[in-house]
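1. here's a sequence, model it:
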Amino acid sequence: MTRPFEVGVVVRDLELMERFYGDVLGCRAEHRSRVPGSIGGPAGLGGELVVVWLRVPSGGCVKLILPRSVPVAAPAAPWSAGRPGLSYLTFHLDDMDPVVAALPAAGARPLSDPVVVRARGRRISFWADPEGNAVELVDARGHDPGPGHSN
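-> Alright, predicted model coming up:
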């Protein structure tokens with residue numbers, strides 16, 4: 001591989017999703033391109049679309065993809081890791097607390113119950129972004145810091 005991993009997310013509201021991944025998760029818009037149907041069609045992308053590349057602070061990239069014809073809403077079935085296909089995006093953070101605090105106001109809803117789960121020395125939290133895509137947050141603050149320390 002010659003570059004960090006990229007993942008594409010088809011969206012219905014490009015501005016909303018760009019704000020969500022930028023403002024809340026710290027991704028930085030790096031490039032924006034309109035792909036004509038003459039390229040998008042033969043490439044298997046369904047025709048004309050707009051792509052925004054958002055650089056993840058750790059180096060990867062989330063590509064937000066807006067087709068010319070607005071995609072249909074995702075099924076309302078609850079999210080589950082038991083279904084085949086892409087399930088969620090994972091973001092590793094130093095401290096998820098500020099992100100978790102900002103998510104509801106940004107249109108996300110928690111999928112974890114409790115919202116933050118301690119597991120094997122880490123804390124994890126699953127959320128649905130404003131369009132229902134599952135996002136996992138992970139930080140290494142799940143260990144017991146010992147007496148006299150708060151977490």
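2. tally of neighbours for Tyr88?
-> 16 (other Cβ atoms under 10 Å). All C-beta atoms are positioned from the backbone trio N, CA, C, and that covers glycine.
3. and if you look at Thr2?
-> Per other Cβ under 10 Å, the neighbour tally for Thr2 reads 3.
4. specify the local secondary structure of Arg3.
-> Here Arg3 is recorded as coil under DSSP: H, G, I helix; E, B strand; the rest coil.
5. how many other residues sit next to it?
-> 8.
6. how close does it sit to His31?
-> 13 Å (Cβ to Cβ, to the nearest Å).
7. what of Val9?
-> Distance from Val9 to His31, by Cβ to Cβ: 15 Å.
8. more crowded one of these two?
-> The neighbour comparison of Val9 against His31 (other Cβ under 10 Å) goes to Val9, with 16 against 11.
9. what sits against the more buried one?
-> Met17, Val62, Lys63, Leu64, Ile65, Leu89, Asn133 (Cβ atoms under 8 Å, 6 or more residues apart in numbering).
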